[in-house]
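# Please find the sequence and the predicted model below.
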Amino acid sequence: MSADDWHVADDDLRAYADGAARPPWLWSAEAHLGTCPHCRRRLARCLGPAVVHAGWARLDAELDAPRPGPAEALLVRLGVAAHTARLLACTPGLRRSWLAAVGFTLAVTTGAAHLGRSMTVPIPLLAIAPLLPLIGVAISFGPRVDPSHELAVVAPLHTFRLLMLRCASVLAATTALTGVASVAVPESGAVALGWLAPSLALTLLSLALMPRLGPVTAPVAVGSGWLALLGATVQRATGESVLFTAPGQAGLAAGAAVAALALWKARSAFDTTHHLGRVADPSTRRTM
Amino acid sequence: MTTLRAEGLSLRFGRTTALEDVTFALDDGVTGLLGPNGAGKTTLLRIMATAIPPDSGHLRVLGADPRGAAGRLAIRRRLGYLPQSPGFHQHFTAFEFVDYIAILKEIVDGRHAEVRRVLHAVGLDDQRGKKIKALSGGMRQRVGLAAALLGDPALVILDEPTVGLDPEQRLRFRELIALIGEGRTVLLSTHQTEDVASVCRHVIVLDQGRIRFEGDPVALAGVARGRVWTGPARADGALAAWRTGNGDYHNIGDPPLGARLADPGIEDGYLMLIAAGPAGRAA
């Protein structure tokens, strides 16, 4: 039967326009409308010009809509709102090049743990892994690394929320990768997860210090402090350190909690570029 | 209706005074902010846009006080801002970038339709799928302007949007700014006195962090009335002088007796103000 042999009845067309048509008749009508200009014109009359225009506008807008990448699509499938997924997907610390660098670093530290079997603690992994989210957050927020930082600051979306979203995504990605690396470390048991508490503590402390020290100095100072602390506590022969004992881990977790509290109290400082700007905003220094 | 009122704004960066006792008000229409490099224009615009707070002074923007978080939020919901260096994510298309800013502006319902609307308003219908790194400087400025127009803001702040554009692009941008200024308040920072003459109904001249002039473009030109003359040679002691196309010299300053006085333009008034220095003897 060709499209010219029959046309959708008026009542059925109105039901279709009202959204009241049900399968399988709905499928049949839809297939026919796709091939029959006469019925499409009648349908347009049923709907009225405003609805037709709005439908075209919606279709046009969807055709232009950005196509989500794999990470963004995964986030949406996991239940994250589409607009939040888009904000997360724009995080520089989630770019493939950065994630590849993290993967390479973890592979090297895990390899080093295999070579240094005389050590009871996989110190290369435990020393370096906490620095990865610290660096990831540092390259995801601030006037030097986010090209539209100033636009983000003066937008209604609270800058602190944007910062937290980006931190959460960087922490999640690096935690997943480091978790895999921990499993690959030989015969270390739970101590191979000793990077988790310092990762949180260093990242949160760096963010809490950012309004005072700026977006570059704060992570550099915190990272240097971490390496100095390791240098002072690690026993060279075994790789053991008080930091990776139960009391040490509890201390680091407490430090993370204090840093989180300090960050929450300082959250309004992220609402303008005032502190960041005086320290680091290039546009402030270039021209007044 | 007054959209913005600033009283006694001051700001220092270390030992440098960026702004000192700046007081002015903005109404509907396009206001031009003129001044040399380092005058404090960008700092002033960043304060207006709630990016930085002043050290002292009072500011009300769209009826709200930006000192509190609630006031800043109320302002930001009705503000469009194009910074001097907007900073684009180069791998985004024009549509994707404006869409990203729309999310930051918390436009959820009909977001894509709104992105299309603003891209159409700045004449980028055919370029919306192009990567930003493939667009010309003028096109990128349009993308930035489209982002500033999201949500139909009541106040639009544009920081030197015509810098680096060729003459045709500048003309087209001026046309756009004039259109945007219909029914809303636009604050346009620029080095170009022609921009001010073309589209602004109000002008503020800022120099060394202080307001040197506030009024309409005709009044700015009037600052140089009786101080502009033409002659066959560059006059000694002229504040500024240049040879014109017909071979005569256009001189600005204190004219000699019997000088052939000419009608001043905005550029003459501006040069008089700036050349006279902070003492403001020309004003």
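That came through, no problem.
# in the chain, which segments are predicted with low confidence?
Here I'm looking at chain A. Applying pLDDT under 70 to chain A flags residues A:1-4, A:61, A:64, A:92-94, A:116-119, A:186-188, A:274-288.
# if you could check chain B rather than the one you did, that'd help
B:1, B:277-283.
# Following the record's annotation, map out the domains of it.
Annotated domains of chain B cover B:1-78+B:154-215, B:87-148, B:221-276 [automatic domain parsing].
# Tell me which of the ones you listed approaches chain A most closely.
domain B:87-148 (3.4 Å; Cβ to the nearest Cβ). In short, each C-beta sits where N, CA and C put it, glycine included.
# Is that closest one positioned near chain A?
Yes: under the criterion of Cβ under 8 Å from any Cβ of the partner chain, chain A is reached by domain B:87-148 at B:87-90, B:93, B:95-97, B:99-101, B:103-106, B:108, B:110-113, B:115-116, B:128-129, B:147.
# ok, back up a step: tell me which of the domains of chain B lies nearest to A:L26.
Comparison of these against A:L26 by Cβ to Cβ identifies domain B:87-148 as nearest, at 26.6 Å.
# List the contacts of B:R142.
By Cβ atoms under 8 Å, 6 or more residues apart in numbering or on different chains, the residues touching B:R142 are B:122-124, B:173, B:176.
# Just the buried residues from the residues you listed, in ChimeraX please.
The ChimeraX command for the buried members of those (criterion: 16 or more other Cβ atoms under 10 Å in any protein chain shown) is given here:
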select /B:122,124,173,176
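# So which of the contacts of B:R142 sit within helices?
B:173, B:176 (DSSP state H).
# which of the contacts of B:R142 sit farthest apart?
Across the contacts of B:R142 (Cβ to Cβ), the longest gap, 12.6 Å, separates B:L124 and B:F173.
# re the thing from before, for A:D5, find the nearest of the domains of chain B.
The nearest among the domains of chain B, by Cβ to Cβ, is domain B:87-148 at 38.7 Å.
# So chain A: which segments form each domain?
According to automatic domain parsing, the ranges for chain A are A:10-65, A:73-286.
# Now do the strands in the stretch 1-150 of chain B.
B:4-13, B:16-26, B:29-34, B:56-61, B:79-82 (DSSP state E, counting those that start in this stretch).
# Wait, B:T230 touches B:R260, no?
Yes: with contact defined as Cβ atoms under 8 Å, B:T230 reaches B:R260; the gap is 5.3 Å.
# tell me the contacts of B:R140?
B:86, B:88, B:132.
# ok, 6 Å please
Residues near B:R140 by Cβ atoms under 6 Å, 6 or more residues apart in numbering or on different chains: none.
# Any chance of CSV for the domains of chain B, columns distance to A:P68?
CSV is the format used below for the domains of chain B (distance: least, Cβ to Cβ, whole Å):
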stretch, distance to A:P68
domain B:1-78+B:154-215, 27
domain B:87-148, 11
domain B:221-276, 50
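# how about these, which one is nearest A:I135?
Here domain B:87-148 is closest among these (Cβ to Cβ), at 20.1 Å.
# Which element, helix or strand, includes the spatially closest residue to A:L263 that is not a sequence neighbour?
Excluding the flanking residues, the one nearest A:L263 by Cβ to Cβ, 6 or more residues apart in numbering or on different chains is A:A208, at 4.2 Å. Assigned by DSSP states H and E, A:A208 belongs to helix A:196-213.
# So which bits of that helix are buried?
A:196-211, A:213.
# And that helix, how far out from the chain middle?
Relative to the centre of its chain, helix A:196-213 is centred 18 Å away, using Cα atoms, centre = their mean, to the nearest Å.
# which other residues reach stretch A:191-209?
A:121-122, A:126, A:129-130, A:133-134, A:137, A:178, A:182, A:185, A:218-219, A:222, A:226, A:244, A:249, A:252-253, A:255-256, A:259-260, A:262-263.
# and with 7 Å instead?
A:121-122, A:125-126, A:129-130, A:133-134, A:137, A:167, A:171, A:178, A:182, A:185, A:218-219, A:221-222, A:226, A:244, A:249, A:252-253, A:255-256, A:259-260, A:262-263, A:266 (Cβ atoms under 7 Å, 6 or more residues apart in numbering or on different chains).
# what sits against the most centrally placed residue in chain B?
Nearest to the mean C-alpha position of chain B, by Cα atoms, centre = their mean, lies B:S189 at 1.6 Å. The neighbours of B:S189, taking Cβ under 7 Å, 6+ apart as the test, are B:33, B:41, B:45, B:158-160.
# Near chain B, which residues of the stretch 51-200 of chain A? Just list them.
A:57, A:60-62, A:64-66, A:83, A:86-87, A:90, A:147-157 (Cβ under 7 Å from any Cβ of the partner chain).
# If you count neighbours, what's buried in stretch A:262-275?
Buried, per 16+ other Cβ under 10 Å, within stretch A:262-275: A:263, A:266-267, A:269-275.
# Please report how far A:T245 lies from A:L126.
12 Å (Cβ to Cβ, to the nearest Å).
# Neighbour count: the two, which is higher?
A:L126 (28 against 14; other Cβ atoms under 10 Å in any protein chain shown).
# pretty sure that one is in a helix, no?
Yes: under DSSP: H, G, I helix; E, B strand; the rest coil, A:L126 sits within a helix.
# measure the spatially most central residue of chain A to A:V80 for me?
Geometric centre of chain A, nearest residue: A:S169, 3.1 Å, by Cα atoms, centre = their mean. To A:V80, A:S169 is 10 Å away according to Cβ to Cβ.
# returning to that earlier point: show me what secondary structure element comes after the helix holding A:A208.
By DSSP H and E, the next helix or strand past helix A:196-213 is helix A:217-233.
# So what angle separates the directions of that next one and helix A:196-213?
Angle, helix A:217-233 to helix A:196-213, by axes from the mean of the first three to the mean of the last three Cα atoms, to 10 degrees: 140 degrees.
# moving C-terminal of helix A:217-233, what's the next helix or strand?
Next along from helix A:217-233, by DSSP H and E: helix A:246-265.
# quick one, that next one and helix A:196-213 angle?
Using the same axes, to 10 degrees: helix A:246-265 against helix A:196-213 is 30 degrees.
# List the buried residues for helix A:246-265?
Going by 16+ other Cβ under 10 Å, helix A:246-265 has these buried residues: A:248-249, A:252, A:255-256, A:259-260, A:263.
# so what secondary structure elements neighbour that helix?
Of the remaining helices and strands, those touching helix A:246-265 by 3 or more Cβ pairs under 7 Å, 6 or more residues apart in numbering or on different chains; DSSP states H and E are helix A:196-213.
# burial count for B:F95?
B:F95 has 23 nearby residues by other Cβ under 10 Å.
# for it, what are its contacts?
Counted by Cβ under 7 Å, 6+ apart, B:F95 has contacts A:64, A:66, B:115, B:119, B:128-129.
# Tell me the one of the residues you listed nearest B:I274?
Closest to B:I274, out of all of the contacts of B:F95 and judged by Cβ to Cβ, is B:L119, at 37.9 Å.
# gap between the closest one and A:L59?
Distance from B:L119 to A:L59, by Cβ to Cβ: 17 Å.
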